[in-house]
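In: Could you look at this predicted model? Sequence included:
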Amino acid sequence: MRAQHWVSFALAGMAVAAVAGLIPLLPKPHASAQPIAGAHYSGSVTGAGSIDFDVSAAGNRVLNLVVTQVRCGPGYTQDAFSWPPSPPADPIMIVDDHFEGALPFDLELPPPPTRVTGDFLPDGSAQGTFRLVMTDPACDSGTLDWTAAIPATPTPTPTPTPTPTPTPTPTVMPSPTDKATPIATPKPTPTATPTAKPTPTATPTPANLVSGWNHVCYLGPSQNIQCALANISQDVLAAYRLEATGFDKLFPAKSDVGTIATLSPYEPLFLLLASGAAWPQQPSGSPPAVMPLVQGWNSVCYAGEPKDVESATQGISGRFAALYVLAPNGEWQIFVPGRPEVSDPIQLGRFTSVLILVTEAGGTQWVFDP
């Protein structure tokens, strides 16, 4: 059986950030080397598939780590495991050219937890170990060795073309050269001016996606997901959609394991991109004024007016434990009601995708106030 497993969203109440956090471990001595700041590393895992990760621009963190084809039980293969998971986790820090972190799926689960280690070598490559431990299904991959290096050809940036070259609106400026013509028509024709009001609806809403993980709203009409992602298809490595029962997914390179067929307007997606791209979208119809939420984790496209997060969630105050927003730098921002000391100053723009942990039994409704 082939399956896709994502880190469980079933975390309890206010302890979500602590339960989901990566547990940084003390570094071990190793040969002197340096990670290449801002580089992408790609390689293979013994007894599994591939490993890919990025080093942060400051050279002190491992980002967007993905391990594929991990065999961790009889007849069971993990298609892809992504780190950091969702809900957000603390970053994997690089200390003395070494990184190590562990993530328990269940705090009551005895060791060993899921763990990744790595060392950067003097020749510019990296190596380490990876172990996947899960409770559902129950399996343990054992400790697997991996090696990775910076690809000889840069990570695919062949498609800066999707970045929409701004339609040359400045060409409207030459029109003032017709300043003599209004004098030739003295008859009052102010009725022609109302024709300008339909133009605002023609401007598409761009979504500027970054290399790595993005949490973004799909705004277009209901259609096949391949058509919906056509403008950025060459950059998409994976797509996930959170449902009440778990994650639906799409891997463009492996169409046989995908479970997302169509997209509906104002659905949020997790998109993993090989390189940054612009995704221009034309909003379809009127955005929802009310969003039903289930008890537990919800992925929501916020359709209200731009507001600070506390004001935007005032109508569901007391019914949720935490709200997360994925920032463009790949870090999660958190808002915990009544806990300003652990909350980030989040501003929700229209069509911002959020993760929200609802505690209300039976769920609730989020009314997007104007």
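Out: On my side now, so go ahead. Numbers count the residues shown, from 1 in each chain.

In: residue ranges of the strands in the stretch 101-250 of the chain, please?
Out: 114-120, 126-131, 133-135, 138-140, 144-149, 205-209, 212-218, 223-224, 236-243, 246-250 (DSSP state E, counting those that start in this stretch).

In: any chance of those strands in CSV, plus distance to residue 352, mean pLDDT and mean neighbour count?
Out: Where C-beta positions appear, they are placed from N, C-alpha and C, glycine not excepted. CSV is the format used below for the strands of the stretch 101-250 of the chain (distance: least, CB to CB, whole Å; pLDDT from 0 to 100; neighbours: other CB atoms under 10 Å):
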stretch, distance to residue 352, mean pLDDT, mean neighbour count
strand 114-120, 30, 90, 23
strand 126-131, 33, 93, 20
strand 133-135, 31, 70, 19
strand 138-140, 36, 70, 14
strand 144-149, 34, 94, 18
strand 205-209, 11, 75, 16
strand 212-218, 8, 92, 23
strand 223-224, 23, 92, 14
strand 236-243, 16, 90, 20
strand 246-250, 20, 86, 18
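
In: Dump those into JSON lines; add distance to residue 289 as well.
Out: Supplementary listing: the strands of the stretch 101-250 of the chain in JSON lines, determined by distance: least, CB to CB, whole Å:
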{"stretch": "strand 114-120", "distance to residue 289": "41"}
{"stretch": "strand 126-131", "distance to residue 289": "45"}
{"stretch": "strand 133-135", "distance to residue 289": "39"}
{"stretch": "strand 138-140", "distance to residue 289": "43"}
{"stretch": "strand 144-149", "distance to residue 289": "48"}
{"stretch": "strand 205-209", "distance to residue 289": "18"}
{"stretch": "strand 212-218", "distance to residue 289": "15"}
{"stretch": "strand 223-224", "distance to residue 289": "23"}
{"stretch": "strand 236-243", "distance to residue 289": "21"}
{"stretch": "strand 246-250", "distance to residue 289": "25"}
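
In: Residue 34: which of those strands is closest?
Out: Distance to residue 34, taken as CB to CB, is lowest for strand 114-120 among the strands of the stretch 101-250 of the chain, at 6.3 Å.

In: What is the closest one packed up against?
Out: Applying 3 or more CB pairs under 8 Å, 6 or more residues apart in numbering; DSSP states H and E, one finds that strand 114-120 makes contact with strand 98-103, strand 126-131.

In: Residue 334 is in contact with residue 322, correct?
Out: Yes - under the criterion of CB atoms under 8 Å, residue 322 lies in contact with residue 334, with a separation of 6.1 Å.

In: on that earlier part again, what's the closest of the strands of the stretch 101-250 of the chain to residue 348?
Out: The stretch from these with the least distance to residue 348 (CB to CB) is strand 212-218; that distance is 11.8 Å.

In: what about the spatially closest residue to residue 208 that is not a sequence neighbour, which SS state?
Out: If you skip the residues right next to it in sequence, residue 208 has residue 278 as its closest partner in space, 5.6 Å away by CB to CB, 6 or more residues apart in numbering. Residue 278 carries the three-state label strand when classified by DSSP: H, G, I helix; E, B strand; the rest coil.

In: How about residue 324?
Out: Reducing the assignment at residue 324 to three states with three-state DSSP gives strand.

In: hmm, back to that, give me the more crowded residue out of residue 322 and residue 334.
Out: More crowded of residue 322 and residue 334, by other CB atoms under 10 Å: residue 322, with 25 against 19.

In: May I have the beta-bridge partners of the more buried one?
Out: Beta-bridge pairing for residue 322 (DSSP bridges): residue 357.

In: Check what pLDDT it gets.
Out: The score at residue 322 is 88. That number is its pLDDT.

In: Same check on residue 346?
Out: Among the per-residue scores, residue 346 shows a pLDDT of 93.

In: now the one 4 residues further on
Out: The predicted local distance difference test score for residue 350 is 91.

In: Confirm that it sits in a helix.
Out: No - Residue 350: not assigned to a helix; according to three-state DSSP it is coil.

In: Would you check how far apart it and residue 257 are?
Out: The gap separating residue 350 from residue 257 is 34 Å, by CB to CB, to the nearest Å.

In: Also residue 227?
Out: Relative to residue 257, residue 227 is positioned 20 Å away (criterion: CB to CB).

In: Over to residue 211?
Out: Applying CB to CB, one obtains 23 Å for the distance of residue 211 from residue 257.

In: Repeat that for residue 66.
Out: On the measure of CB to CB, residue 66 and residue 257 end up 15 Å apart.

In: Also residue 121?
Out: Using CB to CB, residue 121 is found at 34 Å from residue 257.
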